[in-house]
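**Student:** below are the sequence and a predicted model; questions follow.
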Amino acid sequence: QVQLVESGGGLVQAGGSLRLSCAASEGTGRYTMAWFRQAPGKEREFVAARSWIIGSADYADSVKGRFTISRDNAKNTAYLQMNSLKPEDTAVYYCAADPGWRVTTTPHDYAYWGQGTQVTVSS
């Protein structure tokens with residue numbers, strides 16, 4: 001069973017930065033990794049994803065140029081670097097993983113999920 005554990009969330013002022021971490025189980029080095037977020041009263045939405053098999057990534061339009069998804073294979077950890085944060089980025093952020101190679105924006109395409117970490121951006 002693959003386990004994902006997020007960390008790094010918190011409270012930050014608008015314009016600030018945070019880096020979220022997603023510690024993954026051994027053996028997930030070739031999995032596609034993604035980040036989603038869910039704000040109160042809203043559906044879970046795609047943020048970023050990267051396939052390390054085909055070397056491609058995708059980002060939601062709302063975060064392009066501000067967020068970067070990366071990975072440290074030696075630590076089995078994926079990251080989401082978030083810069084120039086805005087109040088509308090406030091949400092619970094979830095790490096997701098799938099053994100498939102595709103980069104997809106659909107939550108149902110990801111087999112494994114973390115428990116989420118809260119990000120709050122104050123204005």
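**Tutor:** Arrived safely. What you see is a predicted model; the values in this text were computed from it and never measured.
**Student:** for the rest of this, base every contact and every neighbour count on C-alpha atoms.
**Tutor:** OK.
**Student:** could you list the buried residues of stretch 22-30?
**Tutor:** 22, 23, 24, 28, 29, 30 (16 or more other CA atoms under 10 Å).
**Student:** quick one: the strands in this protein?
**Tutor:** All strands of the chain, identified by DSSP state E, fall at 4-7, 10-13, 18-24, 32-38, 45-51, 56-59, 67-72, 77-82, 91-98, 112-113, 117-122.
**Student:** and the angle for the third one with strand 77-82?
**Tutor:** By that I understand strand 18-24. Put simply, strand 18-24 runs at 160 degrees to strand 77-82, going by axes from the mean of the first three to the mean of the last three CA atoms, to 10 degrees.
**Student:** got the angle for strand 18-24 vs strand 117-122?
**Tutor:** Using the same axes, to 10 degrees: strand 18-24 against strand 117-122 is 170 degrees.
**Student:** how about strand 18-24 as CSV, C-alpha atoms only?
**Tutor:** Listed next in CSV are the C-alpha coordinates belonging to strand 18-24 (Å, rounded to 0.1, in the frame of the first residue of the first chain):
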residue,chain,number,x,y,z
LEU,A,18,5.5,28.2,1.1
ARG,A,19,6.9,24.8,0.1
LEU,A,20,4.7,21.8,0.6
SER,A,21,6.3,18.3,0.9
CYS,A,22,4.8,14.9,0.1
ALA,A,23,6.8,12.0,1.6
ALA,A,24,6.0,8.9,-0.4
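**Student:** contact partners for the residue nearest to the spatial centre of the chain?
**Tutor:** In the chain, the residue lying closest to the centroid (CA atoms, centre = their mean) is residue 35, at 2.3 Å. Residues in contact with residue 35 (CA atoms under 8 Å, 6 or more residues apart in numbering) are 46, 47, 48, 49, 80, 93, 94, 95, 96.
**Student:** returning to what we had before: which among the strands of the chain is found nearest to residue 105?
**Tutor:** strand 45-51 (5.5 Å; CA to CA).
**Student:** give the bridge partners for the residue nearest to the centre of the chain, please.
**Tutor:** residue 48, residue 95 (DSSP bridges).
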